[in-house]
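*Asks:* Need the 3D shape of this:
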Amino acid sequence: MRVLVVGGSSSIGNTIVDAFVDGGVDVSATFNANRPAESRGAAWTRLDLSDPASIDALGASCGDVDVAVLMPSLSLGQTLAQYTDEQITAVGMVNFTGQVRLIQRIAPALNEGSQIIVMASLAGQRGSADPMYGATKGAMLALVKSLAKSMAPRTRVNAVAPGMVTETGMYHRTAESVIQGHLALNPLRSFISAADLAKVVVDLTRPHWRHLNGACIDMNGGQYVR
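*Replies:* Modelled structure (predicted):
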């Protein structure tokens with residue numbers, strides 16, 4: 001199996017790359033600013049989702065792909081009034097437009113029976129204090145549903161939407177009062193770890209999930225129930 005992890009240099013992305021590599025999978029991964037250590041066992045390529053030429057280059061060089069995991073995410077933690085035009089464009093590019101372009105470019109490389117797994121977010125379904133982040137994550141969920149119809153039966157498209165994830169930079173940067181607020185809305189009173197989230201993503205590539213298409217796996221402790 002050949003796996004492409006887009007945005008593999010993030011804390012969650014690194015964990016997912018490691019989980020696939022540990023399973024003996026052939027992994028290619030992308031980074032933007034910071035190239036991870038080669039010891040992670042994946043072949044790394046720089047990708048700038050704001051640059052169509054960079055996206056074209058990855059599409060032309062990625063080779064055959066069985067699973068594409070899309071991890072890119074940008075959250076500025078701002079209100080709409082605080083956003084500049086440039087920031088609106090940047091968040092839209094990373095979280096939505098650039099990923100749409102990327103899927104279009106890599107589609108010819110996707111093998112029969114392949115799958116695209118999009119890393120979504122609780123914010124895409126419940127909204128966010130950062131409206132651009134919530135809106136773009138919601139747009140990706142709508143894209144998943146649309147592509148699940150148009151790309152089948154050759155390729156399935158699904159999403160995983162965690163709430164707060166421990167062992168991540170975002171978690172450690174979040175104020176304790178905000179974390180406690182999330183816990184209060186979570187019936188399990190606990191968050192998923194990056195390691196367990198990676199296990200979920202890897203498991204979704206197993207044959208027993210072959211009828212999952214156009215779905216979103218919510219990993220938020222039951223926040224939708226309340």
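*Asks:* Show me the contact partners of the helix or strand harbouring V200.
*Replies:* Using DSSP states H and E, V200 sits in helix 194-203. Under the criterion CB atoms under 8 Å, 6 or more residues apart in numbering, residues 11-12, 15-16, 18-20, 23, 69, 117, 119, 160, 162, 165-168, 209, 217, 219 lie in contact with helix 194-203. Every C-beta, even on glycine, is put in place using the N, C-alpha and C of the backbone.
*Asks:* Report the buried members of those residues.
*Replies:* Those of the contacts of helix 194-203 that meet the buried threshold are 12, 15-16, 18-20, 69, 117, 119, 160, 162, 165-168, 217, 219, by 16 or more other CB atoms under 10 Å.
*Asks:* Which ones among those lie within helices?
*Replies:* I12, T15, I16, D18, A19, F20 (DSSP state H).
*Asks:* What is the nearest of these to A142?
*Replies:* Lowest distance from A142 to those (CB to CB) belongs to I12, with 22.0 Å.
*Asks:* Can you list the helices and strands that the longest strand seen in the chain packs against?
*Replies:* With secondary structure taken from DSSP state E, the chain has its longest strand at strand 110-119. In this structure, strand 110-119 packs against strand 65-70, helix 131-150, strand 155-162, with contacts taken as 3 or more CB pairs under 8 Å, 6 or more residues apart in numbering; DSSP states H and E.
*Asks:* what's next to the next helix or strand after the first one, contact-wise?
*Replies:* To tie it back to what came earlier, the one meant is strand 65-70. On the C-terminal side of strand 65-70, the closest following helix or strand by DSSP H and E is helix 85-92. Outside helix 85-92, the residues that touch it by CB under 8 Å, 6+ apart are S50, L74, S75, L76, Q78, Y83, M132, Y133, T136.
*Asks:* Hmm, the third one is touching T168, no?
*Replies:* No - with contacts counted by CB atoms under 8 Å, S75 stays clear of T168, the gap being 11.6 Å.
*Asks:* And the spatially most distant residue from the centre of the chain, how close does it get to W209?
*Replies:* Most distant from the centre of the chain: A81, at 26.7 Å, with distances by CA atoms, centre = their mean. Taking CB to CB, to the nearest Å as the measure, A81 falls 42 Å from W209.
*Asks:* re the thing from before, now do the buried residues in the longest strand of the chain.
*Replies:* For strand 110-119, by 16+ other CB under 10 Å, it's L110, S114, Q115, I116, I117, V118, M119.
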